[in-house]
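Student: Coordinates for the following, if possible.
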Amino acid sequence: MRLLVVEDDAGLAGALQRGLSYEGYAVDCVGDGCQAATQAEVHRGDYDLVILDLMLPGLSGLEVCRRLRDRQVSLPILVLTARDATEDKVDALDAGADDYLVKPFAFAELLARIRTLLRRPPDLLPPRLVVRDLTLDPATRRVWRRDTEIALTTKEFALLELFMRNAGQVLEREQILAHLWDIGFDSFSNVVDVHVKNLRKKLDRGRQERLLVTVRGVGYQLKA
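Tutor: So this is what the prediction gives:
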């Protein structure tokens, strides 16, 4: 999952980026409301959630919320602010925010609220993803091929989840980078190829059928 953190306090933004990255999220940080609104709108297909401060230069957090909703950007928005008055919460929710968390906050609670906002309805997203003999459980972060559990790193798990949600489709390297790495990552790096190679080894070890294949000159595909 890729998150956009909008926070003008550089220290807090850095702490959030480090903590969320450690939990397996790709995180981009911006400190200006105008830039945040533009980035979230232009890259709406790349982000899964916005964490938004209210007191920002350029546009306020409320103005960012309203602009995104007016332009049909449906990304979940979690307001993270020091303003704790009831009217501030009401204003933020009325402007289009999905949740509201007051600073200072417990990081564990922030993670729980993020997970809640990212959760899809059961009829749209089954508890477990199944492709052929491969099973992935997003809740427990466990993976099996037939009856054998496969241990994956955080990034390998995120990569496999992306492939399984797009089974049968060819994913270009740029698409994978956009979903799983932050916006400042070097697009000429071979990091995608390295992670796919490691993931493929774990998935196919001791098996004849290869599920994750290379489409030369384009990208990679998980067979449906």
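Student: all contacts plus neighbour counts: C-alpha atoms, from now on.
Tutor: Noted.
Student: give me the element residue 164 is part of.
Tutor: Counting by DSSP states H and E, the element that carries residue 164 is helix 154-165.
Student: what packs against the helix or strand that that helix is followed by?
Tutor: For helix 154-165, the succeeding helix or strand toward the C-terminus, using DSSP H and E, is strand 170-172. Applying 3 or more C-alpha pairs under 8 Å, 6 or more residues apart in numbering; DSSP states H and E, we find strand 170-172 packed against strand 219-222.
Student: strands paired with the strand it packs on, and their directions?
Tutor: The sheet places strand 219-222 alongside strand 170-172 (antiparallel), strand 212-215 (antiparallel), with pairing taken from DSSP bridges.
Student: Now do stretch 93-103: distance from first to last residue.
Tutor: Looking at stretch 93-103, the gap from its leading to its trailing residue is 17 Å under the measure C-alpha to C-alpha, to the nearest Å.
Student: Phi and psi next, for residue 148.
Tutor: The phi and psi torsions at residue 148 (degrees, to the nearest 10) take the values phi -100, psi 120.
Student: beta partners for it?
Tutor: For residue 148, the beta-bridge partners are residue 145 (DSSP bridges).
Student: tally of neighbours for it?
Tutor: By the other C-alpha atoms under 10 Å criterion, the neighbourhood of residue 148 contains 9 residues.
Student: picking that back up, and the strands paired with strand 219-222 as JSON lines, adding mean neighbour count, distance to residue 136 and mean pLDDT?
Tutor: Converted to JSON lines, the strands paired with strand 219-222 look like this (neighbours: other C-alpha atoms under 10 Å; distance: least, C-alpha to C-alpha, whole Å; pLDDT from 0 to 100):
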{"stretch": "strand 170-172", "mean neighbour count": "17", "distance to residue 136": "19", "mean pLDDT": "93"}
{"stretch": "strand 212-215", "mean neighbour count": "16", "distance to residue 136": "15", "mean pLDDT": "93"}
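Student: Let me see the ranges of the helices in the chain.
Tutor: Taking DSSP state H to define them, one finds helices in the chain at 10-22, 33-42, 61-70, 86-95, 107-118, 154-165, 173-180, 191-204.
Student: Give me the domain ranges for this structure.
Tutor: 2-118, 129-222 (automatic domain parsing).
Student: Which of those has the lowest mean pLDDT?
Tutor: When the domains of the chain are compared on average pLDDT, domain 129-222 comes out lowest at a mean of 87.
Student: can you tell me the distance between the two ends of that domain?
Tutor: 13 Å.
Student: cool, stretch 42-53 as well?
Tutor: The first and last residues of stretch 42-53 sit 20 Å apart, counting by C-alpha to C-alpha.
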